[in-house]
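In: need a 3D model of the following:
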Amino acid sequence: MKVLLALFFVVFVDVVTSQLIPKCYLMKAEMYRAKKGQNTRLIGGKPEETAIVDNDGIYDPVCESNGNFKAVQCNGTDVCWCVNSAGVRRSDKGDKNIKCEPVDTYWVRLEMIHKGGVGALDVVKLKTGIQNALLERYKISKDLVKDVKYDDKGRMIVVDVQKLKGDRTVDLSLMTYYMEKDIKALPLYTNSAPFEVSVEGTKVSMENILVYYVDEVPPTITMRNLTGGIIAVIVVVSLVVVAGLLALFFLGRQGKARYSKAQARELETMS
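Out: Residues are numbered from 1 along each chain as shown. Below you'll find the model as predicted:
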């Protein structure tokens, strides 16, 4: 039954374009495909310090009956963690006794790099194009696009999409999941054109996207979340700094010693 359900979701996503399927269901279908060795998604300035990104990659989620993520997720063993409404881990990993409350993501920041060949874009008209694209493709109201910044030299577009805290009528994770698929991998729509933004009649395509999630309640991830590689880099950098300080200290002492000896010789000569 579970296999049939997963297959149903895969086909359902392929044929339905008028309504977005909950992200939790899509991830379950994607996990099923991953276990079968089939294609899945490709792994690509924070709005504020509490913003988090989806660094853990794909996992097999537990979904509520309405398609929402359960607040507690596990990996099939005794290792569990808390997630937000977008299914992104927001706590350190613990055991099955971990306590998690549902937390909604009310703000996402999209950092996109557009493809070259279109020249510098007008930021006001770019914002209008993005509002239209998000509405038509992901059913996101234009009013939720709060700000758009643009760096023409780096071809970077930064978009803040934000709803009111406490608003449960909009699920921003649907937009981000579909957008990441559209830009990093393949669209979830059958025979669908790639995600593009129309700016004064010019079609602007994206080549990369990074998504930050800001929750109504700050995450509780600590230093334990850092991987061994990152910790190793921190240790190496710390050792280099300490070694540099020690080198300066000893050089200073040697300099003082040479100065003292030279001063003594000068005094002997004078006497």
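In: for this structure, longest strand please?
Out: strand 202-215 (DSSP state E).
In: buried residues, that strand. List them.
Out: Applying a neighbour-count criterion of 16 or more other Cβ atoms under 10 Å, the buried positions in strand 202-215 are 204, 206, 209, 211-215. C-beta here means a position set from N, CA and C on the backbone, and glycine is covered the same way.
In: for the residue sitting nearest the centre point of the chain, give me its contacts.
Out: With distances taken as Cα atoms, centre = their mean, Val53 lies nearest the centre of the chain, 2.8 Å away. Counting by Cβ atoms under 8 Å, 6 or more residues apart in numbering, Val53 touches 88, 210-213.
In: packing partners for the helix or strand hosting Trp81?
Out: Using DSSP states H and E, Trp81 falls within strand 80-82. Helices and strands touching strand 80-82, by 3 or more Cβ pairs under 8 Å, 6 or more residues apart in numbering; DSSP states H and E, are strand 72-74.
In: quick check: mean pLDDT across the strand it packs on?
Out: Averaged across strand 72-74, pLDDT comes to 95.
In: now for it, which elements pack on it?
Out: Counting contacts by 3+ Cβ pairs under 8 Å, 6+ apart, strand 72-74 is packed against strand 80-82.
In: now do Val123 against Ile157, distance only.
Out: 9 Å (Cβ to Cβ, to the nearest Å).
In: any residues in contact with both of those two?
Out: 148-150.
In: just the buried ones among these, please.
Out: 148, 150.
In: out of the shared contacts of Val123 and Ile157, who's nearest Leu174?
Out: Val148 (20.1 Å; Cβ to Cβ).
In: quick one, phi psi at that closest one?
Out: phi -140, psi 120 (degrees, to the nearest 10).
In: what's the pLDDT at the nearest residue to it once chain neighbours are set aside?
Out: Distances taken as Cβ to Cβ, 6 or more residues apart in numbering put Lys127 closest to Val148, at 4.0 Å, once the chain neighbours are dropped. As predicted, Lys127 sits at a pLDDT of 98.
In: check the secondary structure at Lys127 for me.
Out: With DSSP: H, G, I helix; E, B strand; the rest coil as the basis, Lys127 sits in helix.
In: wait, it touches Val145, no?
Out: Yes - counting by Cβ atoms under 8 Å, Lys127 does reach Val145; the two are 6.8 Å apart.
In: how about the helices of the stretch 51-200 of the chain, start to end?
Out: For the stretch 51-200 of the chain, the helices defined by DSSP state H, counting those that start in this stretch cover 123-138, 172-184.
In: what helices or strands is the first one leaning on?
Out: Helix 123-138 is packed against strand 145-151, strand 156-162, helix 172-184, strand 196-199, with contacts defined by 3+ Cβ pairs under 8 Å, 6+ apart.
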